[in-house]
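>>> just coords:
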């Protein structure tokens, strides 16, 4: 029926065995992972998602290091003065539409480090965040759930963006044209 299901028979009992209609995914979304200033706990869990045990690539995700190709920005760690400009630059280099996923409590709010002199807070203090995945460290199942939600949101943003562009082109096509 076009739906991707887990090969694990216990996946239905473990609520992270998500189903996603792959027919609705227009192309493989590219994911860029950036560590803003984490303790690496969440980064290890993000990397665990790429292993055959959790296999996030079954949802068509392609991991990239190039922001110009990325659709989804997955950030771990809180924002400090050194990472603030880098996060803004990465976000600005990503093409529209894009989705930002904050992974771990540090990326969501600043976590246990939010009162430290060098932490400005969560990722949303610098760029807009679409999906929050709390946890210390965030479990791979929660990260996969956040990425699946990001996929759904990305498809919605792509549809909205395409409709907006069609509307602008239709309006622009009539300006000064033969149809007036």
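Received, thanks. Predicted, not measured: the structure shown is a model, and the values here were computed from it.

>>> which residues of the chain fall in strands?
3-4, 20-21, 30-35, 62-64, 72-76, 79-80, 99-103, 119-121, 131-133 (DSSP state E).

>>> Give me the contacts around the third one.
Yep, that's strand 30-35 we're talking about. Residues outside strand 30-35 that contact it (CB atoms under 8 Å, 6 or more residues apart in numbering): 43, 46, 61-67, 69-77, 86-87, 90, 94, 147. Every C-beta, even on glycine, is put in place using the N, C-alpha and C of the backbone.

>>> so how far is residue 130 from the closest residue to residue 67 other than its chain neighbours?
Nearest residue to residue 67, sequence neighbours excluded (CB to CB, 6 or more residues apart in numbering): residue 93, at 4.0 Å. For residue 93, the distance to residue 130 (CB to CB, to the nearest Å) stands at 17 Å.

>>> wait, isn't residue 131 in contact with residue 100?
Yes. Contact criterion CB atoms under 8 Å: residue 131 and residue 100 qualify, at 7.4 Å.

>>> the more surrounded of these two?
More crowded of residue 131 and residue 100, by other CB atoms under 10 Å: residue 100, with 23 against 19.

>>> quick one: low-confidence parts of the chain?
1-26, 168-180 (pLDDT under 70).

>>> returning to what we had before: among the contacts of strand 30-35, which ones are buried?
Listed as buried from the contacts of strand 30-35 are 43, 46, 61, 63-64, 67, 70-77, 87, 90, 94, 147; burial here means 16 or more other CB atoms under 10 Å.

>>> Longest helix in this structure, please.
If you go by DSSP state H, the chain has its longest helix at helix 140-174.

>>> and that one, how far out from the chain's middle?
12 Å (CA atoms, centre = their mean, to the nearest Å).

>>> List the buried residues of that helix.
140-151, 153-155, 157-158.

>>> How about stretch 115-126?
Applying 16+ other CB under 10 Å to stretch 115-126 flags 119-124, 126 as buried.
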